[in-house]
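>>> Model the following, please.
(one chain, ligands or ions: 1)
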Amino acid sequence: MKKVRWGILGSGWIVGASFVPALHRLGREAADAVIASRTPERAAQKAAEWELAGWAAPYDALIARDDIDVVYIALPNHLHEEWAVRALEAGKHVLVEKPLGLTVASEERMMAAADRSHRYLWEAYAFLFREQTRELVRRIQAGDIGAVTSIQSRFYADIGEDNIRWQPALGGGALYDLGVYPLRLAALWFSDPVRVSGTFRPHRGVDAETMADVWHPGAHRLQFAVGFTLPFQTGAVLYGTEGRFVVTNPYHPAPHDRVFVERRGEWEPVAVGDDGPTFFPMLSHITRAVAGEIPAGHRAGPGSLAVIRTVEQLRAAMTPI
Ligand SMILES: NC(=O)c1ccc[n+]([C@@H]2O[C@H](COP(=O)([O-])OP(=O)(O)OC[C@H]3O[C@@H](n4cnc5c(N)ncnc54)[C@H](OP(=O)(O)O)[C@@H]3O)[C@@H](O)[C@H]2O)c1
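The predicted model follows:
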């Protein structure tokens, strides 16, 4: 396989926690990475700490290099569009952190740039690439719980005082940061909503917690609760006409997480193989797609747009409490 060179824009939490472990698991013969930061000091320090192939500063210097195949954009949400478009126009494939953009128009501009430059664009929903999601999709398709009629999900994470997620101008707030996960999950089975409503707890100019009801055609329904107001907790229940799946962590399952299926009062565990650190299946897939080994799956497209359309509707409809 051709060795793929990643470029990383930004040196924050997600890069160290999820991207770097997955990159190292891929192995240096498959992929390496150059990191870019706003300052050369930080870029050099993080390249050394994370044992990367090199560094660049500022971000333009990385985009201008001709030895980068694919750029990972791990910047605050308000910078995703600008840097995705610049990287695509420079001929790189691009993986953008979620949420891809802050508006429908912004995501459409990114997708148009990918089309124009004939490059791939992905949004970093790692769970789409995971074995657990594939197994759920497969079993639901096979009729294990009948037709999915309703999804309930929650995702909470407490964040520090200085976190970018508290800054409205940077695209902060729980709906943009966490609400997009249940919306992306529901988009696997439900089409665009017919009615949305929600309530949020405002704090420091963003929604610190959001609870939403999203009605889809056919009375299909997503209910979710997300926020920065509790320590980490997540989960989902997928209700079907003949049973339900209970998923302890639908978005970033770890080896201790579990899936159960219930039918007519009988509970069974669902076996899911361990597919490594949460970003590993996504990075492995994208690296192989960029190397031309496999077709590029799970690209940013209708699923991403369905999420951001609903986010826009919710932001217009939600009331503060
Ligand atoms: N897919 C997932 O599972 C997942 C999980 C967590 C976060 N995310 C996403 O990843 C992105 C980054 O989140 P994070 O938690 O890693 O954030 P973070 O720790 O605050 O890191 C953001 C990085 O962006 C750069 N940056 C550029 N302009 C900035 C500004 N005005 N203020 C602050 N930082 C700025 C900084 O890197 P330099 O100083 O090196 O330039 C900084 O380290 C967000 O879009 C978030 O939604 C995704």
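
>>> so where do the helices sit in the stretch 51-200 of the chain?
Along the stretch 51-200 of the chain, the stretches classed as helices by DSSP state H, counting those that start in this stretch are 59-63, 80-89, 104-117, 131-141, 174, 180-186.

>>> same question, the stretch 201-321 of the chain
280-290, 302-317.

>>> where does the stretch 151-300 of the chain come near the ligand, residue by residue?
With the criterion set to C-beta under 6 Å from any ligand atom, the stretch 151-300 of the chain comes near the ligand through 164, 177. From N, CA and C alone the C-beta is placed, and that goes for glycine too.

>>> Would you list the phi and psi of the closest residue to residue 8 other than its chain neighbours?
Once flanking residues are discounted, residue 8 sits nearest to residue 35: 4.5 Å by C-beta to C-beta, 6 or more residues apart in numbering. Backbone geometry at residue 35, expressed as degrees, to the nearest 10, gives phi -110, psi 140.

>>> can you tell me which residues contact residue 35?
7-8, 11, 15, 43, 46-47, 50, 52, 54-56, 62 (C-beta atoms under 8 Å, 6 or more residues apart in numbering).

>>> Out of those residues, who's the most crowded?
residue 8 (29 neighbours; other C-beta atoms under 10 Å).

>>> which residues touch residue 269?
258, 259, 260.

>>> so what's the residue nearest to the first one when sequence neighbours are not counted scoring on pLDDT?
With sequence-adjacent residues excluded and distances taken as C-beta to C-beta, 6+ apart, residue 258 is closest to residue 248, at 5.1 Å. Confidence per residue is given as pLDDT, and for residue 248 that number is 98.

>>> Tell me if I'm right that residue 248 and residue 237 touch.
No. If you go by C-beta atoms under 8 Å, residue 248 and residue 237 don't touch, sitting 10.5 Å apart.

>>> Run a quick neighbour tally on the residue of the stretch 51-200 of the chain found nearest the ligand.
Closest contact between the stretch 51-200 of the chain and the ligand, by C-beta to the nearest ligand atom, is at residue 97 (3.5 Å). Neighbour count for residue 97, taken as other C-beta under 10 Å: 23.

>>> Equivalent analysis for residue 17, please.
Neighbours around residue 17, by other C-beta under 10 Å: 12.

>>> Residue 83: what's it in contact with?
Applying C-beta under 8 Å, 6+ apart, the residues near residue 83 are 9, 59, 63, 71, 73, 75.

>>> Could you list which of those also contact the ligand?
Applying C-beta under 6 Å from any ligand atom to those, those adjacent to the ligand are residue 75.

>>> Adding neighbour count, write the contacts of residue 83 out as JSON lines.
Converted to JSON lines, the contacts of residue 83 look like this (neighbours: other C-beta atoms under 10 Å):
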{"residue": "9", "neighbour count": "28"}
{"residue": "59", "neighbour count": "24"}
{"residue": "63", "neighbour count": "21"}
{"residue": "71", "neighbour count": "27"}
{"residue": "73", "neighbour count": "23"}
{"residue": "75", "neighbour count": "22"}
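
>>> Return the closest of the contacts of residue 83 with respect to residue 286.
Residue 286 has its nearest neighbour among the contacts of residue 83 in residue 71, at 11.1 Å by C-beta to C-beta.

>>> wait, doesn't the closest one sit right on residue 89?
No. The criterion here is C-beta under 8 Å, and residue 71 misses it with residue 89 at 11.3 Å.

>>> and the most centrally placed residue in the chain, backbone torsions?
Geometric centre of the chain, nearest residue: residue 125, 2.6 Å, by C-alpha atoms, centre = their mean. Main-chain torsions, residue 125, degrees, to the nearest 10: phi -90, psi 90.

>>> Over to the one 5 residues further on?
Residue 130 has phi and psi values of phi -90, psi 150 when expressed as degrees, to the nearest 10.

>>> Does the residue nearest to residue 67 when sequence neighbours are not counted belong to a helix, a strand or coil?
Leaving aside its chain neighbours, residue 67 sits nearest to residue 5 (5.7 Å; criterion: C-beta to C-beta, 6+ apart). State at residue 5, reduced to three classes by DSSP: H, G, I helix; E, B strand; the rest coil: strand.

>>> got a pLDDT number for residue 5?
98.

>>> And residue 1, by the same measure?
Value listed for residue 1 in the pLDDT field: 77.

>>> can you pull the contacts of the residue lying closest to residue 230 once chain neighbours are set aside?
Computed as C-beta to C-beta, 6+ apart, the closest residue to residue 230 that is not its neighbour in sequence is residue 156, at 4.0 Å. With contact set as C-beta under 8 Å, 6+ apart, residue 156 has these partners: 178, 225, 226, 227, 228, 229, 230, 231, 232, 233, 234.

>>> okay, the residues you listed in CSV with pLDDT and neighbour count next?
Listed next are those as CSV, based on pLDDT from 0 to 100; neighbours: other C-beta atoms under 10 Å:
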residue, pLDDT, neighbour count
178, 98, 26
225, 98, 22
226, 98, 29
227, 98, 25
228, 98, 24
229, 94, 15
230, 96, 12
231, 96, 7
232, 97, 10
233, 97, 14
234, 98, 21
